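1. Requesting a structural model of the entry that follows:
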Amino acid sequence: MKLHSLLTCSILGFIQANEVDATSRIANATDDSDSGSDNIFKSTSALVKCTVSQVHGLTPPDAKEVPVQYACTTDDDDNILFFDNDATALLGKGFVSGETRLALAPQAMSSDGMINVQQAMAPGAVAISNGVENNRRRKLTTTGIKEVLVVRVVSAAYEPSQSEARMSNDVFDDANNLRVRYDDCSNGALIFDPATGTNVNNGVLTVTTTENLNGMTWQNCGRIATNGARGIDRDYTMIVCPDVVNFGGAAAWGQMTGSISWYRSRYASAPIVQMHELGHNLGHSHSGKDGVTYKDPTCNMGNRGSWSDTGSNFCFNAAKTWANKWYEEYHVTVDPSSGSYDGTLVGINAVKEDNIAETGQDVVIKIDSSGETDLYIIYNRETGANNQVPENGDQVVIVAQSTGGSTSSWRAALSEGQVYTQGGWSGNGNLIVKVCSLETGTPGSARVLVYATGQETLSCDSSPVSAPVNAPVSAPINAPVNAPANAPVSQPTQNDPCKDNSLDFLFRNKIERNCEWIGKNSKRIDARCQDPAAADNCPDTCNTPGCSAPVNAPVNAPVNAPVSAPVSQPTQNDPCKDSSSTFTFRNKIERNCKWIGKNSKRIDARCQDPAAADNCPDTCNTPGCSTPVRNAPVSAPVSQPTQDDPCQDSSSTFMFRNKIERNCEWIGRNSDRIDVRCQDPAAADNCPVTCSICA
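-> Numbering: from 1, shown residues only. Prediction:
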């Protein structure tokens, strides 16, 4: 039975059962989020309700661009309904991709299961809402661990050139792919893991059809794939169709914002194509330059990198990096109509490799003034995750983008001494962005000035506005903030020196924060509390000397089972037994020990998370439990070291986090980061003294 028939039957069945005139209900609703429209969307599921998203096509470099398509994802079963023509006029000026909602009556549907734009524009055929909450809609984020299902569509005559094993390797396991690129660019904040389920092999499902795939549209190939994947839990779906399927001139398509992407087989293994289409799913539009939609050479939402299976190592431009929020702690906003910026930018790898200063360095600047298109600035370091950026490496790059989901436009790439000028900035003269100095060492930095000539003039000859790290931002450290430090905490005054302030304060002289934010990431508390404003306002969270709360309250269960507990005689709470409950993995997502161990290639990486190590000692092979340790054995007595002394740091380098060569001197170089770095098994193995594993 065709999709249209299924939808029509379900609608008519409900109408007959409830004696409701769906058409008249829609006819009485307006195009905006008024009470009539609200009532329709909040009422029973009589009508086909769906969320509209743009679907963007990617073409190879210098090929003709393809027009944007529109699709509507149904609430009940995640069917994708496409429009048979341009839906711009139907959706109206208030349309927001991934948010605008439709309620469709039967007459809005064509016989082939598509939304007929002409029929939908007739009175009574559709209700449109741009502000109704849809609790069923998938909440998309740019962080966390997401499961991806790759669906191969095959027939007796045609199939993708990649086998299941090859497709799994090209998306999840080889040297450069979707998972590697996002893991690397996000500093581990966004991980794409293979989905699991019936007939799913390492994240890949093959769906066989008797329909003729030769000349079939990519939309119908996708319909076959999603129907065949019903019942399989996943966050994202990548559909790979044979090359004979008609892709309308595109290499691939992706929902923005959404969860589905479609690939022509010959392009499905290219990391740049995978990363680009999942970028659309995350809510990004394209990145252009000089009026050409895909031309920005600094961003994967352009398409200037390698289209080979090997791909290129580069990430996103400043606007997309800002929206992803992976480096949000190092974002800064400046409004030149009322202020200015004189500071230092570093690349994303300074954060990734822990080379960024705790104060005084930023990753992305947003220039935000009333009446002007926002500008974003980044130091495009050509190193690490970004070491193969096609152009403008080691330059300060400026892009413009009006809203989070709009196309960004490359404006300038500046080297040392160069200036970007934009006239008539918000009625305050010319906007000036100048690069005073630019260093490409480790980590590399750029001193940047941002100001409007109608407000003030900054000079590279003056000292940076940002005070040196050792200069007190507020009162000198030895001046008591509230009551003197020797005031007894057991008898606090009215202004308790050990009580956190409930108000917002200016963190690092840049951004409004509060004590809840300072303490929400346990791994970053010490670093954040180095800021005097944080220390002044949050003595409890920052564990100010003389206050009772410890910096990080010790967890009841040790991260690794205590070696003193006799494994042969476990207590009722066996320290070597996996928990059967779920826990919060990486402070982001609920997982259990079965999931930690289901991918043997990822166990070591997942067990670096303290919650995983705590709850899954068996799966994670905690030292002292019976399963042999994957790295160094714990059976060697510490008090009687062998020739390879288990209490002596190695003098050799090792692969830190399976990505970068490091040594024990680097592990211990930043005292605030030792505990975090020592969660890596290779660091713990090679640096037992630095990591305080030995007494």
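2. Spatially central residue for the protein, please.
-> residue 142 (2.5 Å; Cα atoms, centre = their mean).
3. Was I right to think that residue contacts residue 323?
-> Yes: the pair residue 142 / residue 323 is scored as a contact, 7.4 Å apart, by Cβ atoms under 8 Å. (C-beta placed from N, C-alpha, C; glycine too.)
4. shared neighbours of the two, which are they?
-> The contact sets of residue 142 and residue 323 overlap at residue 283 (Cβ atoms under 8 Å, 6 or more residues apart in numbering).
5. Do a quick rundown of the strands in the stretch 301-450 of the chain.
-> Along the stretch 301-450 of the chain, the stretches classed as strands by DSSP state E, counting those that start in this stretch are 331-334, 341-345, 361-362, 364-367, 375-380, 395-400, 408-414, 419-422, 431-439, 445-452.
6. ok, now the stretch 501-650 of the chain?
-> Using DSSP E, counting those that start in this stretch, strands in the stretch 501-650 of the chain cover 505-507, 511-513, 583-585, 589-591.
7. what is the mean pLDDT for stretch 306-324?
-> For stretch 306-324, the mean per-residue pLDDT is 94.
8. That one spans what distance, first to last residue?
-> 23 Å (Cα to Cα, to the nearest Å).
9. Next, report how far it is displaced from the centre of its chain.
-> Stretch 306-324 sits 13 Å away from the centroid of its parent chain (Cα atoms, centre = their mean, to the nearest Å).
10. try stretch 60-73
-> 24 Å.
11. And for stretch 216-234?
-> 25 Å.
12. pull the CA atoms of stretch 576-587 into PDB?
-> In PDB, the C-alpha atoms belonging to stretch 576-587 read as follows (Å, rounded to 0.1, in the frame of the first residue of the first chain):
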ATOM      1  CA  CYS A 576      34.900  -6.200  40.900                       C
ATOM      2  CA  LYS A 577      31.300  -6.700  39.800                       C
ATOM      3  CA  ASP A 578      29.700  -4.500  37.100                       C
ATOM      4  CA  SER A 579      26.800  -2.400  38.200                       C
ATOM      5  CA  SER A 580      23.400  -3.300  36.600                       C
ATOM      6  CA  SER A 581      22.200   0.300  36.700                       C
ATOM      7  CA  THR A 582      22.700   3.100  34.300                       C
ATOM      8  CA  PHE A 583      25.100   6.000  35.000                       C
ATOM      9  CA  THR A 584      25.900   9.400  33.500                       C
ATOM     10  CA  PHE A 585      28.700   8.800  31.000                       C
ATOM     11  CA  ARG A 586      31.000  11.800  30.400                       C
ATOM     12  CA  ASN A 587      28.600  14.000  32.400                       C
END
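13. Would you mind listing the buried residues in that stretch?
-> 576, 578, 579, 583, 585, 586 (16 or more other Cβ atoms under 10 Å).
14. same check, this time on stretch 144-162
-> For stretch 144-162, using 16+ other Cβ under 10 Å, the buried residues are 145-155, 158-160, 162.
15. wait, which of those is closest to residue 534?
-> Among the buried residues of stretch 144-162, residue 145 lies closest to residue 534 (Cβ to Cβ), at 29.3 Å.
16. How many neighbouring residues does residue 119 have?
-> Other residues within reach of residue 119 by the criterion other Cβ atoms under 10 Å amount to 16.
17. What does it show for phi and psi?
-> phi -70, psi -40 (degrees, to the nearest 10).
18. can you pull the contacts of it?
-> Applying Cβ under 8 Å, 6+ apart, the residues near residue 119 are 107, 108, 109, 110, 125.
19. gap between it and residue 338?
-> 52 Å (Cβ to Cβ, to the nearest Å).
20. Next: residue 153.
-> Residue 153 is 56 Å from residue 338, by Cβ to Cβ.
21. got it, and residue 649?
-> Taking Cβ to Cβ as the measure, residue 649 falls 52 Å from residue 338.
22. Between the two, which is the more surrounded one?
-> Taking other Cβ under 10 Å, residue 649 and residue 338 do not tie; residue 649 has more neighbours (18 against 12).
23. Check the spacing between the more buried one and residue 663 real quick.
-> Taking Cβ to Cβ, one finds residue 649 at 9 Å from residue 663.
24. residues shared between the contacts of those two?
-> Contacts common to residue 649 and residue 663, judged by Cβ under 8 Å, 6+ apart, are residue 686.
25. any chance you could map the helices in the stretch 401-550 of the chain?
-> Ranges of helices in the stretch 401-550 of the chain, per DSSP state H, counting those that start in this stretch, are 515-519, 525-528, 532-537.
26. With mean pLDDT as extra columns, can I get these in TSV?
-> Below are the helices of the stretch 401-550 of the chain laid out as TSV (pLDDT from 0 to 100):
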stretch	mean pLDDT
helix 515-519	83
helix 525-528	76
helix 532-537	85
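27. Please tabulate those helices in JSON lines, including the columns distance to residue 679 and mean neighbour count.
-> Output for the helices of the stretch 401-550 of the chain, formatted as JSON lines (distance: least, Cβ to Cβ, whole Å; neighbours: other Cβ atoms under 10 Å):
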{"stretch": "helix 515-519", "distance to residue 679": "20", "mean neighbour count": "19"}
{"stretch": "helix 525-528", "distance to residue 679": "15", "mean neighbour count": "20"}
{"stretch": "helix 532-537", "distance to residue 679": "24", "mean neighbour count": "21"}
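28. Ok, which of these comes nearest residue 85?
-> Nearest to residue 85, of all these, is helix 515-519, at 47.2 Å by Cβ to Cβ.
29. before we move on, back to that, just the buried ones among the contacts of residue 119, please.
-> 107, 108, 109, 110, 125.
30. Surely residue 279 is in contact with residue 303?
-> No: checked against Cβ under 8 Å, the pair residue 279 and residue 303 is beyond contact range at 10.9 Å.
31. okay, now residue 692: neighbour count?
-> 12.
32. tell me which element it is part of?
-> Under the criterion DSSP states H and E, no helix or strand holds residue 692.
33. Distance-wise, check the closest residue to the residue nearest to the centre of the chain other than its chain neighbours relative to residue 372.
-> Distance criterion Cβ to Cβ, 6 or more residues apart in numbering; nearest residue to residue 142, sequence neighbours excluded, is residue 324 at 4.6 Å. According to Cβ to Cβ, residue 324 and residue 372 sit 23 Å apart.
34. which of those two has more neighbours?
-> Per other Cβ under 10 Å, whichever of residue 324 and residue 372 has more neighbours is residue 324, with 24 against 20.
35. what's that one in contact with, if anything?
-> Contacts of residue 324 (Cβ under 8 Å, 6+ apart): 142, 186, 190, 282, 316.
36. Switch the strands of the stretch 301-450 of the chain over to CSV; also include mean neighbour count and mean pLDDT.
-> Listed next are these as CSV, based on neighbours: other Cβ atoms under 10 Å; pLDDT from 0 to 100:
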stretch, mean neighbour count, mean pLDDT
strand 331-334, 18, 96
strand 341-345, 22, 96
strand 361-362, 22, 94
strand 364-367, 22, 97
strand 375-380, 28, 98
strand 395-400, 24, 98
strand 408-414, 22, 97
strand 419-422, 15, 97
strand 431-439, 19, 96
strand 445-452, 23, 96
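37. Understood, closing this out.
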